[in-house]
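>>> take a look and give me a structure for this.
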Amino acid sequence: MTINLKQGERLDDLQIKGYRIIQSPGRFCFGMDAVLLSSFAKVKTGERALDLGTGTGILPILLEAKNKGDFYTGLEIQEESADMARRSVQYNHLEDKVRIVTGDIREAAALFGAASFHVITVNPPYMIGDHGLKNENEAKYIARHEVLCTLEDVLRESGKLLGNKGRFYMVHRPFRLAEILSGMSRHRIEPKRMRLVHPYIDKEPNMVLLEGVKGAHPRMTVEPPLVVYNKDGTYTEELLELYGLESRKEAGR
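Numbers count the residues shown, from 1 in each chain. Presented below is the predicted three-dimensional model:
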């Protein structure tokens, strides 16, 4: 399928099922956190999933490629990003499986209705207000900082949107872990599974993957850490597998 890219846009290969995604480096491109979350999250047969703050639609598209869920929705407040996401859905012929909605996370439950999803995923802004370096690009700044929504907004709306025993998946920064876990419990999303992501085996983690279940009993499993790089700076075998790239073992056969 041919597609007319707008100025500054590019079409990137997602390394799975032949899917591609439209991105604009001048706005915001998805990172490793989105890829890791797409593998950590699970959407089962017959389930409906919602991605909050979907950006250019990377998570709904990857989740559709990796799971057997019934339908995937992405909610995005920035119309320029939502437009790229819709065109990517069309390019990949996913109109019957994925839809992109322009709207505000803070009003998500009113927009979709209570208990309307089995699964929610979110790769939210990590930084509080002006914490960290401010990027002069507004789109990037909104994606990285809690300008248009806060962690509390995400957890509150997710608690409303999930049906009983519905699952919540999020990637975030470990420095906010105490706040995240207490907020999840406050909104009846019981933390059930956690995995820390380390850049190197001897470095502290810089990402955390979390699964919560609406209305579940307290008990959380901490999975073995995920290490991104070997000592020589190359990707670890697991990371290559998650990206759908050829491992060194396979290359040597």
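
>>> got a list of contacts for the longest helix seen in the chain?
Selection of the longest helix in the chain by residue count, based on DSSP state H, yields helix 79-91. Outside of helix 79-91, the residues that reach it under the criterion Cβ atoms under 8 Å, 6 or more residues apart in numbering are 1, 3, 9, 11, 20-24, 27-28, 54-57, 60-61, 74, 76, 95, 98-102, 139. For glycine as for every other residue, the C-beta is placed from the backbone atoms N, C-alpha and C.

>>> for residue 67, phi and psi?
Note on residue 67: backbone dihedrals following degrees, to the nearest 10 are phi -130, psi 170.

>>> now do the same contact list for it.
The contact partners of residue 67, by Cβ under 8 Å, 6+ apart, come to 41-44.

>>> give me the residues contacting the helix or strand hosting residue 12.
Taking DSSP states H and E as the criterion, the element that holds residue 12 is strand 10-13. Around strand 10-13, the neighbours that count as contacts under Cβ under 8 Å, 6+ apart are 3, 5, 19-25, 29, 91.

>>> where do the strands sit along the protein?
Secondary structure of the chain (DSSP state E): strands at 10-13, 20-23, 48-52, 71-76, 98-102, 117-122, 162-172, 189-198, 207-214, 221-222, 226-227.

>>> make CSV from these and add mean neighbour count, distance to residue 237 and mean pLDDT to it.
Rendered in CSV, the data for the strands of the chain read as follows (neighbours: other Cβ atoms under 10 Å; distance: least, Cβ to Cβ, whole Å; pLDDT from 0 to 100):
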stretch, mean neighbour count, distance to residue 237, mean pLDDT
strand 10-13, 12, 21, 94
strand 20-23, 22, 25, 96
strand 48-52, 26, 28, 98
strand 71-76, 24, 29, 98
strand 98-102, 19, 30, 98
strand 117-122, 25, 25, 98
strand 162-172, 21, 21, 97
strand 189-198, 19, 15, 98
strand 207-214, 22, 18, 98
strand 221-222, 10, 22, 98
strand 226-227, 20, 10, 98
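
>>> mind putting those strands in JSON lines, distance to residue 182 included?
Putting the strands of the chain into JSON lines (distance: least, Cβ to Cβ, whole Å) gives the following:
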{"stretch": "strand 10-13", "distance to residue 182": "37"}
{"stretch": "strand 20-23", "distance to residue 182": "35"}
{"stretch": "strand 48-52", "distance to residue 182": "19"}
{"stretch": "strand 71-76", "distance to residue 182": "25"}
{"stretch": "strand 98-102", "distance to residue 182": "29"}
{"stretch": "strand 117-122", "distance to residue 182": "17"}
{"stretch": "strand 162-172", "distance to residue 182": "13"}
{"stretch": "strand 189-198", "distance to residue 182": "10"}
{"stretch": "strand 207-214", "distance to residue 182": "12"}
{"stretch": "strand 221-222", "distance to residue 182": "17"}
{"stretch": "strand 226-227", "distance to residue 182": "24"}
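
>>> residues touching residue 66, list them.
Residues 16, 38-39 are the ones in contact with residue 66 under the rule Cβ under 8 Å, 6+ apart.

>>> can you tell me how far the nearest residue to residue 200 once chain neighbours are set aside is from residue 67?
The shortest distance from residue 200 to any residue that is not its chain neighbour, by Cβ to Cβ, 6 or more residues apart in numbering, is 5.4 Å, and that residue is residue 229. In this structure, residue 229 lies at 27 Å from residue 67, with Cβ to Cβ, to the nearest Å as the measure.

>>> same deal with residue 201?
30 Å.

>>> now do residue 156
Counting by Cβ to Cβ, the gap from residue 156 to residue 67 is 26 Å.

>>> same question for residue 200.
Here residue 200 is placed at a distance of 30 Å from residue 67 (Cβ to Cβ).

>>> same deal with residue 184?
Counting by Cβ to Cβ, the separation of residue 184 from residue 67 is 22 Å.

>>> next: residue 93.
With distances taken as Cβ to Cβ, residue 93 is found 17 Å from residue 67.
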